[in-house]
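Asker: sequence and predicted structure below; questions after.
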Amino acid sequence: MGRRVIYKIENIPQNSFAERQWDEVSRLQHWYNSEFKWSSGTISFKRFVVFPNVEGFSNLDQSVWQILAQRHQTLRERGMSEHEVVEQLERDCLVFVKWGGYFDDCLASGFTRVADNEWNAFLVCDFLLKVSTLCPDVTIHIIDEGRFIKTGTVWVRNGDVILHTSRMRTSWFLDEMLLDKHIFSVVDPEKYNNHQALKNVIPEFNKLQHAERLNVIRDWNWLGYGDGYDAHGDDTTGFDLNQKVKQFLLTD
């Protein structure tokens, strides 16, 4: 499994957004996924994950997929929002729904596999910073399994970046990073113009000799946990997401 950037809006009273606000988030997400090149995965920020009830509708002349498509179209034509449609499909027992996205106890959540493509990690966090201004009444928790976010994790709310010292991967040099307003790494996008996609499957891996397997796997950096920066966790030139942050806030 390649290195991910994970994002969550927890289901707590302090977090709320309107349907129209999430519509803007969905449009922005589509733009990012369409406009930029992704080598391992795209942005997938979801309010729900839907699973068709295949077993419950297996003995009909129509497949569950055809029934779902027709029902979905009918409900949309009645003026229902996508969220309302899914709620009705769940009541109709046509689907099973995991509300809140991929992670438990969330209003919305998701992840993007970025492997060692730091430009993709930049784009995900750039997107999420914008989302926090589109939905100013939510706090988005962002976790980087790699090194683009120097502290490993941050929270963003209405353009601000919040750091909880007790919940970060490391607090080394935190005072210095805050003083310099440098929590996100500087990334040169040109380094990733021809970046190869992460391969999660190695053909006929089980047939390889032990030495061949070690050569393929190397030190597991193929999963994207390596450090490809020029020096000290930054590229010499490039885009600096720190400049887009309204303010950095520190709390326990």
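Answerer: Noted; the coordinates are in hand. Residues are numbered from 1 along each chain as shown.
Asker: helix, strand or coil: sort out the residue lying farthest from the centre of the chain for me.
Answerer: Within the chain, the residue lying farthest from the chain centre (Cα atoms, centre = their mean) is residue 61, at 38.7 Å. Here residue 61 is coil, with the state taken from DSSP: H, G, I helix; E, B strand; the rest coil.
Asker: now residue 75
Answerer: helix.
Asker: so what's the residue count around the closest residue in space to it that isn't next to it in sequence?
Answerer: Using Cβ to Cβ, 6 or more residues apart in numbering and skipping the chain neighbours, the partner closest in space to residue 75 is residue 85 (4.5 Å). All C-beta spots, glycine's among them, are computed from the backbone N, C-alpha and C. Neighbour count of residue 85, defined by other Cβ atoms under 10 Å: 17.
Asker: just checking, what packs against the one helix or strand residue 85 maps to?
Answerer: Following DSSP states H and E, one finds residue 85 within helix 82-91. Where contact means 3 or more Cβ pairs under 8 Å, 6 or more residues apart in numbering; DSSP states H and E, helix 82-91 is packed against strand 48-52, helix 64-77, strand 95-99.
Asker: can you give me the helices for the stretch 151-252 of the chain?
Answerer: 174-180, 210-217 (DSSP state H, counting those that start in this stretch).
Asker: save these as JSON lines, and put in mean neighbour count, mean pLDDT and distance to residue 18 too.
Answerer: Below are the helices of the stretch 151-252 of the chain laid out as JSON lines (neighbours: other Cβ atoms under 10 Å; pLDDT from 0 to 100; distance: least, Cβ to Cβ, whole Å):
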{"stretch": "helix 174-180", "mean neighbour count": "13", "mean pLDDT": "76", "distance to residue 18": "33"}
{"stretch": "helix 210-217", "mean neighbour count": "11", "mean pLDDT": "73", "distance to residue 18": "47"}
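Asker: for these, give me CSV that also has distance to residue 13.
Answerer: Shown next, in CSV, are those (distance: least, Cβ to Cβ, whole Å):
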stretch, distance to residue 13
helix 174-180, 29
helix 210-217, 46
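Asker: what's the closest of those to residue 234?
Answerer: helix 174-180 (11.1 Å; Cβ to Cβ).
Asker: could you list the residues in contact with the closest one?
Answerer: By Cβ atoms under 8 Å, 6 or more residues apart in numbering, the list of residues contacting helix 174-180 from outside reads 150-151, 163, 165, 168, 183, 248, 250.
Asker: wait, which of the residues you listed is closest to residue 104?
Answerer: Nearest to residue 104 among the contacts of helix 174-180 is residue 168, at 21.8 Å by Cβ to Cβ.
Asker: does the closest one touch residue 150 like I think?
Answerer: No. The pair residue 168 / residue 150 is not scored as a contact, 9.5 Å apart, by Cβ atoms under 8 Å.
Asker: more neighbours: which of those two?
Answerer: Neighbours per residue, other Cβ under 10 Å: of residue 168 and residue 150, the larger number sits with residue 150, 20 against 16.
Asker: quick one: contacts for the more buried one?
Answerer: 177, 182-185, 233.
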